[in-house]
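**Q** here is a sequence together with a model predicted from it:
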Amino acid sequence: MVSFAAFPRSGEGPIYLQIVRYIRSGVAAGTVADGDEMPSRRVVSALLGVNPNTVQKAYRMLEEEGLIVSRSGAKSYASVTPETVEAVRQKLRAEEVGRVVSALRRSGMEKEAALELIDRLWDEDREREEEET
């Protein structure tokens with residue numbers, strides 16, 4: 001069963017979107033696998049201290065994305081294929097890079113300087129990885 005024990009209440013955006021991001025991240029990381037049972041909406045609602053309709057909204061979004069399958073009156077399950085994992089990873093990467101770009105632009109950084117910074121940090125990170133191995 002998918003666990004919400006480590007759910008990070010980030011305060012970033014509406015809680016239903018935080019739930020969606022949590023499941024997407026689990027899919028991308030492999031902690032949410034095909035066929036994993038999702039906790040009921042009422043259980044998630046109680047765990048997180050939110051209205052059941054909030055959880056319902058998140059589950060509906062996940063169903064529309066094809067990440068979970070629900071049947072009326074039955075349990076919900078994760079629906080994960082290699083294609084959906086890759087699609088989720090690409091979406092998460094784009095969202096993360098978008099946040100970085102927005103932060104750099106808000107700080108007044110020009111595109112060329114941002115690209116130089118990313119290039120330098122990329123190389124430094126690669127060097128750190130090589131030193132660790």
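**A** On my side now, so go ahead.
**Q** max-length helix in the chain?
**A** Counting residues, the longest helix found in the chain (DSSP state H) is helix 82-106.
**Q** quick check: mean pLDDT across that one?
**A** On average, the pLDDT along helix 82-106 is 96.
**Q** quick one: list the elements packing against it.
**A** helix 15-29, helix 111-132 (3 or more Cβ pairs under 8 Å, 6 or more residues apart in numbering; DSSP states H and E). Backbone N, C-alpha and C define where each C-beta goes, glycine included.
**Q** could you identify which of those helices is most buried?
**A** Neighbour counts (mean count of other Cβ atoms under 10 Å) averaged over each of the helices and strands packed on helix 82-106 peak at helix 15-29, with a mean of 19.
**Q** residues contacting it, please?
**A** Applying Cβ atoms under 8 Å, 6 or more residues apart in numbering, the set of residues contacting helix 15-29 from outside is 2, 4, 7-10, 12, 32, 44, 48, 50, 54-55, 57-58, 61-62, 67-68, 78, 80, 84-85, 88-89, 91-92.
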